[in-house]
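J.: From the sequence below, what's the structure:
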Amino acid sequence: MPQHARLMRLASRAALATALLLALAKAVAWWLSGSVSLLAGLTDSLLDGAASLLNLIAVHYALRPADEDHRYGHGKAEALAGLAQALFVGASAVLVAVQAIDHLQHPQPLGAQTLGIAVMLLSLAMTVALLLFQRHVVRVTGSTAVRADSLHYRSDLLLNSGILLALVLAGFGWQRLDPLFGLGIAAYILWSAVSIVREAVAVLMDEELAPELSERMHLLASGVPGVLGTSDLRTRISGTHWFVQLHVELPGDLSLQQSHSLCKQVEDAIRSEFPRAQVLAYATPTAAAA
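T.: Next comes the predicted model:
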């Protein structure tokens, strides 16, 4: 759908612009303050920028129409981008943890805390705005890549809140809390990476849709007048599309044209409730009861 493509591209560009702007602001604040938590935020924003750039490229490729070599489209490029994002996110967690441990062993006073606090307030405001827009895009398009992007920006929200709290507490003399917050943030970032991997692998391995969705599709198909039942319903996700195949049990005395017409009605019934679904219904003749 053109609207879905436009929203996905816009969300990817907004994420990249947000990451780059925040990385610049955090770089200045970290250089002046020396805060490990701010370094964690800077590292995460730089990796967010790299991941969002990759995501933008992946979305552009995933939205290409099906061709002779990719009859089901290019949607799985989104899941591949999700795996790459998880790698970026996991790397940021390791880097933050290493810096936090170093500052625990070699404590250093923080400077320019007011600037750091101002930068983190800006980061929180921009991240919240981006997340609200991403949530709208995911709700409309179901994009795996935008959802993965949203997951690590959601972790940014916690990360930025933790950094802000660490800077405020450091102002009251509790400066050793700064690297401790850094370690906690690193652990959360790593967990976010695991979540992204699990979702991307589910798409790449052609995991079925939720059971309640499949059950609803069975009911919609069976509700078409003339259909005796359904069986062997198979589903998978690729990009913003759901691919659905099922066998439709029909009276054995129907003509080929009648069978085809009923299969078409079954496909239309499922698509009417699930517009993202591309449905293929196969007629299965059933002998009349004795």
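J.: any weak-confidence spans in the stretch 101-250 of the chain?
T.: Judged against pLDDT under 70, the low-scoring parts of the stretch 101-250 of the chain cover residues 103, 107-113, 144-145, 148, 152, 155, 170-171, 173, 175-178, 239-240.
J.: which residues does residue 118 contact?
T.: residue 29 (C-beta atoms under 8 Å, 6 or more residues apart in numbering). For every residue, glycine as well, the C-beta is placed using N, CA and C.
J.: That one: helix or strand, and which one exactly?
T.: Secondary structure from DSSP states H and E places residue 118 in helix 113-141.
J.: in that helix, what counts as buried?
T.: 113, 115-117, 119-120, 122-124, 126-127, 130-131, 133-134, 137-138, 140-141 (16 or more other C-beta atoms under 10 Å).
J.: now for the next helix or strand after that helix, which elements pack on it?
T.: Following helix 113-141 in sequence order, the next helix or strand is helix 144-171 (DSSP H and E). Secondary-structure packing of helix 144-171 (3 or more C-beta pairs under 8 Å, 6 or more residues apart in numbering; DSSP states H and E): helix 2-33, helix 36-62, helix 77-105, helix 113-141, helix 177-204.
J.: Name the nearest residue to residue 217, sequence neighbours excluded.
T.: Nearest residue to residue 217 in three dimensions, chain neighbours excluded: residue 270, at 5.2 Å (C-beta to C-beta, 6 or more residues apart in numbering).
J.: ditto for residue 128
T.: If the residues on either side of it in the chain are set aside, residue 128 comes closest to residue 157, at 6.8 Å by C-beta to C-beta, 6+ apart.
J.: What about that neighbour, how many residues nearby?
T.: Using other C-beta atoms under 10 Å, residue 157 is surrounded by 15 other residues.
J.: What residues does it make contact with?
T.: 124, 127-128, 131.
J.: rewinding a little: so the residue nearest to residue 217 sits right up against residue 242, yeah?
T.: No: with contact defined as C-beta atoms under 8 Å, residue 270 and residue 242 do not form a contacting pair (9.5 Å).
J.: ok, the residue nearest to residue 217 to residue 213 distance?
T.: Distance, residue 270 to residue 213, using C-beta to C-beta, to the nearest Å: 10 Å.
J.: Settle it for me: which of these two has more neighbours?
T.: A count of neighbours by other C-beta under 10 Å puts residue 270 above the other of residue 270 and residue 213, at 24 against 16.
J.: and that one, that one's in a helix?
T.: Yes: per DSSP: H, G, I helix; E, B strand; the rest coil, residue 270 lies within a helix segment.
J.: which residues sit in contact with it?
T.: By C-beta under 8 Å, 6+ apart, the neighbours of residue 270 are 217, 220-221, 244, 277, 279.
J.: List the ones among the residues you listed that fall in helices.
T.: Residues of those located in helices (DSSP state H): 217, 220-221.
J.: List just the nearest of the contacts of residue 157 to residue 146.
T.: Nearest to residue 146 out of the contacts of residue 157 is residue 131 (C-beta to C-beta; 11.1 Å).
J.: who's in contact with that closest one?
T.: 150, 153-154, 157.
J.: Sounds good, over and out.
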